[in-house]
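[1] Give me the fold of what follows.
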Amino acid sequence: MSTNVRTKILHQIPRSVWILGFVSLFMDISSEIIHSLLPMFLMASLGASATAIGVIEGIAEATAPIVKVFSGTLSDYLGNRKWLAVAGYSLGAISKPLFAIAPTIGVVVTARVLDRVGKGVRGAPRDALVADITPPQLRGAAFGLRQALDTVGAFLGPLLAVVIMLAGSDNFRLAFWLAVIPGMLAVALLTFGISEPAHDTRAKRVNPVRWENAKQLGRPYWWVVGIGGVFALARFSEAFLVLRAMGSGVPVAWVPLVMVAMNAVYALSAYPFGKLADRMSHTRLLIAGLVMLFASDIVLAHGAHWTVLLIGVALWGLHMGMTQGLLATMVAHAAPAQLRGTAFGIFNLVSGIVTLGSSVIAGMLWDRVGAMATFYAGAGFCVLTVLLLLSRRGAARPSNR
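    Numbering: from 1, shown residues only. Got it, this is the predicted structure:
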């Protein structure tokens, strides 16, 4: 595609999609400033153990998928996307000052859960809003633009955290207060910059959450859910990457750079591997991604030096680029078209709950045995997932292969 064609497409994307993209950018900056520093703050300032951090991160990561099961269907039922998205972004923004004033671990837990509830509330209505306001022939470009701007925020957040920590003499609370600003900008931009498109108010409203829908999902779908669940055991919270960097001897202010490195590799690899998934067996590509995660765990288990640590983190980002979009594609292929919303909701719910367990296990191993044991356990679950995939090779492939 030529540069002129790409430019023409960008000009055709509705203004509201651009605004939603910058809303995501500002909120991601706000969240990543905090998330890249929070594990160190919990351990160094509040005396939290690795087990406690694992529990906190596990609860947080399980919360958003649980809420997502209901938020998208609720936006369908209410016939309103914008104000549900505003509510979700507002919860995220409100949570930020709580991190700054938190005197105890309990307050941090409250703030973290509130932040993830906000993420769960806003995600599906926001994506549905993008679809509502974009012509069908431009939807792929529109979603790509929003995700691209979101990724920019994921880069800028940890970078700003480094700058703030260097300028503020490692003042965690100052960084958390400054994170409030982009969060509030996101809410204001969504509130005043976008109008809710017209909907058909004559349509009959029915309860979209029904057990009958889940019972119609076939065995290929539940196989993908099972593989995703075992995979989630291998992928504990990225907070442990921050803790590993913290223990490498690098100055505290520079630790958020591990998240910058991971997100950079993730962003650069996601699109090429997404294209590869259209031509390659999904099972083989998922196994390749698991091999990358296994290699990352082994490197991180042994890598105490900063340069070795960065290699491990880069491999972690590469595995995410290879697998995160792929798992979504596998769900989409395995689920009936009319039940894809339900299918994604259940898949995210199962993965989120399992991630809670894996993060708790990772934290307990870290405290009782050491960091090396945590990453070895992740590598072991990688092997288990590969063995399960090989035991039913080809079961998760799309029907046209």
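
[2] quick one: least confident helix or strand in the chain?
    The weakest-scoring helix or strand in the chain, judged by mean pLDDT, DSSP states H and E, is helix 211-215 (a mean of 60).

[3] which regions of this structure sit below the pLDDT cut-off?
    1-8, 72-73, 75-79, 137, 139-141, 143-144, 147, 198-215, 337-342, 393-401 (pLDDT under 70).

[4] Find the centremost residue of it, please.
    Centroid check for the chain by CA atoms, centre = their mean gives residue 61 as the closest residue, at 8.5 Å.

[5] That residue contacts residue 119, correct?
    No. Contact criterion CB atoms under 8 Å: residue 61 and residue 119 do not qualify, at 10.0 Å. In short, each C-beta sits where N, CA and C put it, glycine included.

[6] picking up where we left off before, which SSE is the residue nearest to the centre of the chain in?
    Using DSSP states H and E, residue 61 sits within helix 50-78.

[7] Go through the following helix or strand past that helix and flag the buried ones.
    Downstream of helix 50-78, the first helix or strand assigned by DSSP H and E is helix 82-101. Residues 82, 84-96, 98-100 are the ones in helix 82-101 that count as buried (16 or more other CB atoms under 10 Å).

[8] ditto for stretch 276-296
    Neighbour counts over stretch 276-296 (16+ other CB under 10 Å) mark 277, 282-283, 285-296 as buried.

[9] Next: stretch 345-362.
    345-362.

[10] Give me the helices and strands touching the helix or strand hosting residue 20, please.
    Secondary structure from DSSP H and E places residue 20 in helix 15-35. Packing contacts for helix 15-35, counted by 3 or more CB pairs under 8 Å, 6 or more residues apart in numbering; DSSP states H and E, involve helix 82-101, helix 105-133, helix 139-167, helix 172-193.

[11] Report the distance from the helix or strand hosting residue 352 to the chain centre.
    Per DSSP H and E: residue 352 is located in helix 340-368. With CA atoms, centre = their mean, to the nearest Å as the basis, helix 340-368 stands 12 Å off its chain's centre.

[12] Likewise for stretch 322-335?
    Distance of stretch 322-335 from the chain centroid (CA atoms, centre = their mean) equals 15 Å.

[13] For burial, what's the neighbour tally of residue 367?
    Residue 367 sits with 17 neighbouring residues when counted by other CB atoms under 10 Å.

[14] quick one, what contacts it?
    By CB atoms under 8 Å, 6 or more residues apart in numbering, the residues touching residue 367 are 49-51.

[15] Out of the residues you listed, which comes closest to residue 313?
    Within the contacts of residue 367, the smallest distance to residue 313 is 17.8 Å, found for residue 50 (CB to CB).

[16] Helix or strand for residue 280, just tell me which one.
    With DSSP H and E as criterion, residue 280 is part of no helix or strand.

[17] How about residue 345: what's its closest non-neighbour residue?
    Excluding the flanking residues, the one nearest residue 345 by CB to CB, 6 or more residues apart in numbering is residue 69, at 3.9 Å.

[18] from what I can see the one you found touches residue 349, true?
    Yes. Using CB under 8 Å, residue 69 makes contact with residue 349 at a distance of 5.4 Å.

[19] coming back round to it: after the least confident helix or strand of the chain, which helix or strand is next?
    Per DSSP H and E, the first helix or strand lying C-terminal to helix 211-215 is helix 219-234.

[20] elements contacting the following helix or strand past that next one?
    Using DSSP H and E, the helix or strand that follows helix 219-234 in sequence is helix 239-246. When contacts are defined as 3+ CB pairs under 8 Å, 6+ apart, helix 239-246 sits against helix 38-44, helix 50-78, helix 257-276, helix 306-334, helix 340-368, helix 371-391.

[21] Packing partners of the second one?
    Contacts of helix 50-78 with other secondary structure elements, assessed using 3+ CB pairs under 8 Å, 6+ apart, are made with helix 38-44, helix 82-101, helix 105-133, helix 239-246, helix 340-368.

[22] Could you provide the ones you listed in a markdown table, with additional columns for distance to residue 165?
    Formatted as a markdown table, those follow (distance: least, CB to CB, whole Å):
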| stretch | distance to residue 165 |
| --- | --- |
| helix 38-44 | 10 |
| helix 82-101 | 14 |
| helix 105-133 | 18 |
| helix 239-246 | 12 |
| helix 340-368 | 23 |
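
[23] and residue 390, which of the ones you listed is closest to it?
    Short answer: helix 340-368, nearest of those by CB to CB, at 20.6 Å.

[24] ok and that closest one relative to helix 239-246, angle-wise?
    If you take axes from the mean of the first three to the mean of the last three CA atoms, to 10 degrees, helix 340-368 sits at 40 degrees to helix 239-246.

[25] Quick one: work out the angle between helix 340-368 and helix 105-133.
    Relative orientation of helix 340-368 versus helix 105-133 (the same axes, to 10 degrees): 150 degrees.
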